[in-house]
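Asker: Structure of the sequence below:
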Amino acid sequence: MQSTLAVLRSITLPVALTASLSGCISMNSYIDPALPTVRAEDLRASKTPQPVQVLFEFRTKGAPNARGTEFAKPIVLDTVRSTALFSNVTEAPVAGGRTLTLVIDNIPVTEDAASKGFATGLTLGLAGNTVTDGYVCTATYTTPGAAPKKSQVKHALHTTMGNTEGPKGVTPMKMDEALPIVVKQLTLNALQGVRKDAGL
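Answerer: Here you go, the predicted structure:
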């Protein structure tokens, strides 16, 4: 069974590099507050809910990331099921052939993150740094005989290392606490976009 740290390093780009270089330096993660708050209970179908097959993939800079998919898929599926948009949510094909494809891509935001982490490590945390991981979630809802409906949302996770302050007014978390929330927020916001576009 792979360690939690190994999984987290595989799905965060700048943070992965800095975590490996910084060793025991204190780290805090901060969820970017720019993405609107969407609650699962607010996502209700305006028509009769239908079953849907959910397909999910996590990517890193556009390339499939199996560890990331393994980590995030249960969160994504549980989040979709927590809404009232669909009568049944499954990974298998459903009657009616409806599919919801969700892709989360981890893209670099902070440039030269490796050297920043290295500097923090060399100074034993005295030279603090902040790095940012970007995430883009694309949701595509397909119904046979109709054009696919798409929604895309962006999110970010800021991580401080060593002697530095985080973003003002944002609660610090451990990375393993913050990442599931980021995945859930991405999924709910993408679902809201699909709901509006598809008239669910």
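
Asker: what helices or strands is the top helix by length along the chain leaning on?
Answerer: As far as residue count goes, and with DSSP state H defining each element, the longest helix of the chain is helix 175-198. In terms of contacts (3 or more C-beta pairs under 8 Å, 6 or more residues apart in numbering; DSSP states H and E), helix 175-198 is packed against helix 4-10, strand 27-31, helix 66-82, strand 99-108, strand 129-142, strand 149-161. Glycine gets a C-beta too; all of them are placed from N, C-alpha and C.

Asker: need those in CSV with mean neighbour count and distance to Leu186, can you?
Answerer: Compiled in CSV, those are given as follows (neighbours: other C-beta atoms under 10 Å; distance: least, C-beta to C-beta, whole Å):
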stretch, mean neighbour count, distance to Leu186
helix 4-10, 16, 16
strand 27-31, 21, 11
helix 66-82, 18, 9
strand 99-108, 21, 6
strand 129-142, 22, 4
strand 149-161, 20, 5
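
Asker: low-confidence ranges in this protein?
Answerer: Low-confidence segments of the chain (pLDDT under 70): 1-25, 110-128, 162-163.

Asker: one more time with 80
Answerer: Low-confidence segments of the chain, defined by pLDDT under 80, span residues 1-26, 46, 108-130, 161-167, 198-200.

Asker: how about Ser82, what does it touch?
Answerer: Counting by C-beta atoms under 8 Å, 6 or more residues apart in numbering, Ser82 makes contact with Ala40.

Asker: Kindly provide the distance from it to Val89.
Answerer: Going from Ser82 to Val89 by C-beta to C-beta, to the nearest Å gives 9 Å.

Asker: Pull the contacting residues for Ala34.
Answerer: Residues in contact with Ala34 (C-beta under 8 Å, 6+ apart) are Ala156.

Asker: circling back to that earlier point, of all the helices and strands packed on helix 175-198, which lies closest to Leu200?
Answerer: For the helices and strands packed on helix 175-198, distance to Leu200 was read as C-beta to C-beta. The smallest value, 7.6 Å, belongs to strand 129-142.

Asker: What is that closest one packed up against?
Answerer: With contacts defined as 3+ C-beta pairs under 8 Å, 6+ apart, the packing partners of strand 129-142 are helix 13-22, strand 99-108, helix 113-122, strand 149-161, helix 175-198.

Asker: and those as JSON lines, adding distance to Phe56?
Answerer: Rendered in JSON lines, the data for the helices and strands packed on strand 129-142 read as follows (distance: least, C-beta to C-beta, whole Å):
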{"stretch": "helix 13-22", "distance to Phe56": "19"}
{"stretch": "strand 99-108", "distance to Phe56": "5"}
{"stretch": "helix 113-122", "distance to Phe56": "26"}
{"stretch": "strand 149-161", "distance to Phe56": "15"}
{"stretch": "helix 175-198", "distance to Phe56": "9"}
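
Asker: out of those, nearest to Ala63?
Answerer: Checking these against Ala63 by C-beta to C-beta gives strand 99-108 as the closest, at 9.0 Å.

Asker: and the angle from that closest one to strand 149-161?
Answerer: Computed by axes from the mean of the first three to the mean of the last three C-alpha atoms, to 10 degrees, the angle separating strand 99-108 from strand 149-161 equals 30 degrees.
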